[in-house]
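Enquirer: Sequence plus predicted model, see below.
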Amino acid sequence: MHLLRRSNSCITSHVVFALEYRSIKSFAAPSLVLICAKSRTGTKFGLSVSAKLGNAVTRNRTKRIMRAGITPLMPYLKKDMAYMFIARRELIGKKSCFCNEVMKALLLKAGCIDEESC
């Protein structure tokens with residue numbers, strides 16, 4: 001079963017994210033940006049890949065890599081938070097293990113996971 005299906009746990013628009021969550025913090029790496037905020041409706045995720053990064057095939061592959069990168073980290077995340085990962089050009093063509101390491105580093109920097117737990 002895939003853990004990140006489009007449902008109530010997915011953020012579908014950056015505008016919705018910005019309007020619903022007032023205290024937003026962002027953390028950046030060369031290949032990804034993490035935006036996180038407290039959520040009133042449980043843990044939510046959003047993955048964003050801009051059209052500037054390539055054609056539809058490239059964007060969809062990048063989203064698949066991002067989904068594969070976040071899935072092993074999901075059990076260790078803080079509850080009742082909203083997370084939005086925004087891809088940068090450097091992520092294109094990378095493997096999911098690279099994406100996982102970058103996401104883990106960003107989540108550690110944000111204080112959303114403990115270093116001992118994962």
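Expert: Alright, I've got the coordinates.
Enquirer: From here on, just use CA atoms for contacts and neighbour counts.
Expert: Noted.
Enquirer: Now residue 68: closest residue in space that isn't a chain neighbour?
Expert: residue 96 (5.9 Å; Cα to Cα, 6 or more residues apart in numbering).
Enquirer: Isn't the one you found up against residue 63?
Expert: No: the pair residue 96 / residue 63 is not scored as a contact, 10.1 Å apart, by Cα atoms under 8 Å.
Enquirer: Please tell me how far the residue nearest to residue 68 sits from residue 27.
Expert: 20 Å (Cα to Cα, to the nearest Å).
Enquirer: More neighbours: these two, which one.
Expert: Between residue 96 and residue 27, residue 96 has the larger neighbour count (other Cα atoms under 10 Å), namely 18 against 15.
Enquirer: What score does the spatially most central residue of the chain have for pLDDT?
Expert: Nearest to the mean C-alpha position of the chain, by Cα atoms, centre = their mean, lies residue 85 at 3.1 Å. Looking at residue 85, its pLDDT stands at 94.
Enquirer: Over to it. Which of the three states is it?
Expert: strand (DSSP: H, G, I helix; E, B strand; the rest coil).
Enquirer: any idea how far residue 31 is from it?
Expert: As judged by Cα to Cα, residue 85 and residue 31 stand 10 Å apart.
Enquirer: so where do the strands sit in this protein?
Expert: Secondary structure of the chain (DSSP state E): strands located at 25-28, 32-38, 44-48, 81-87.
Enquirer: want to try TSV for those, with distance to residue 70 as columns?
Expert: Shown next, in TSV, are these (distance: least, Cα to Cα, whole Å):
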stretch	distance to residue 70
strand 25-28	16
strand 32-38	12
strand 44-48	10
strand 81-87	10
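Enquirer: Let me know which of those strands is the nearest to residue 102.
Expert: strand 32-38 (7.3 Å; Cα to Cα).
Enquirer: Does anything pack onto that closest one? Which helices or strands?
Expert: strand 25-28, strand 81-87, helix 96-110 (3 or more Cα pairs under 8 Å, 6 or more residues apart in numbering; DSSP states H and E).
Enquirer: pLDDT of that strand, averaged?
Expert: 91.
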